[in-house]
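**Student:** what's the 3D shape of this:
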Amino acid sequence: MKFGGDVETDLIHDFYAIDTTDFFDPATNAVGKPDRTDRRFLAMQTRLNFYARWIIDRADPLRLIVEGEFYDAGDTLRLRHDFGEY
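**Tutor:** As a prediction, this is how the structure comes out:
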């Protein structure tokens with residue numbers, strides 16, 4: 001068995017924040033409003049994987065590979081790959 005993956009994080013601090021946080025939309029640009037800041041911590045590109053291999057009855061190995069990522073909206077782990085071979 002083997003666990004792996006990579007962790008990529010972003011810490012974003014906007015000194016002049018706008019109302020949209022994940023993309024730039026000029027229509028939501030705050031004109032005439034007081035200045036405010038916005039801070040976000042994201043782990044959207046983090047990937048985790050699991051690899052397992054078993055020998056069954058002196059035959060070919062049984063392999064299992066599962067990989068997930070946090071690229072979707074929210075804090076949920078999304079299945080990216082799952083693969084089995086006998």
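**Student:** Report how many residues lie close to Asp14.
**Tutor:** 12 (other Cβ atoms under 10 Å). Where C-beta positions appear, they are placed from N, C-alpha and C, glycine not excepted.
**Student:** what's the pLDDT at it?
**Tutor:** The score at Asp14 is 75. That number is its pLDDT.
**Student:** repeat for the one 5 residues further on
**Tutor:** As summarised for this prediction, Asp19 has a pLDDT of 64.
**Student:** The nearest residue to Trp54 once chain neighbours are set aside sits in which helix or strand?
**Tutor:** Leaving out its chain neighbours, the residue that sits closest to Trp54 by Cβ to Cβ, 6 or more residues apart in numbering is Leu62, at 4.7 Å. Using DSSP states H and E, Leu62 sits in strand 61-69.
**Student:** Restricting to C-alpha, output that strand in CSV.
**Tutor:** Output in CSV follows, covering the C-alpha atoms of strand 61-69 (Å, rounded to 0.1, in the frame of the first residue of the first chain):
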residue,chain,number,x,y,z
PRO,A,61,-1.1,-9.2,-9.0
LEU,A,62,-4.3,-7.3,-8.2
ARG,A,63,-3.8,-3.5,-8.4
LEU,A,64,-6.0,-0.7,-7.3
ILE,A,65,-5.3,3.0,-7.9
VAL,A,66,-7.6,5.8,-6.5
GLU,A,67,-7.0,9.5,-6.9
GLY,A,68,-9.0,12.5,-5.7
GLU,A,69,-8.6,16.2,-5.7
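**Student:** For it, which outside residues touch it?
**Tutor:** Outside strand 61-69, the residues that touch it by Cβ atoms under 8 Å, 6 or more residues apart in numbering are 5, 45-56, 77-86.
**Student:** For the lowest-mean-pLDDT helix or strand in the chain, list the C-alpha coordinates in PDB.
**Tutor:** In the chain, the helix or strand scored least confidently by mean pLDDT, DSSP states H and E is strand 38-42, which has a mean of 77. Extracted C-alpha coordinates of strand 38-42, given in PDB (Å, rounded to 0.1, in the frame of the first residue of the first chain):
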ATOM      1  CA  ASP A  38     -10.500  40.300   1.500                       C
ATOM      2  CA  ARG A  39      -8.300  37.300   2.500                       C
ATOM      3  CA  ARG A  40      -8.800  33.700   1.300                       C
ATOM      4  CA  PHE A  41      -6.900  30.400   1.800                       C
ATOM      5  CA  LEU A  42      -7.500  27.800  -0.900                       C
END
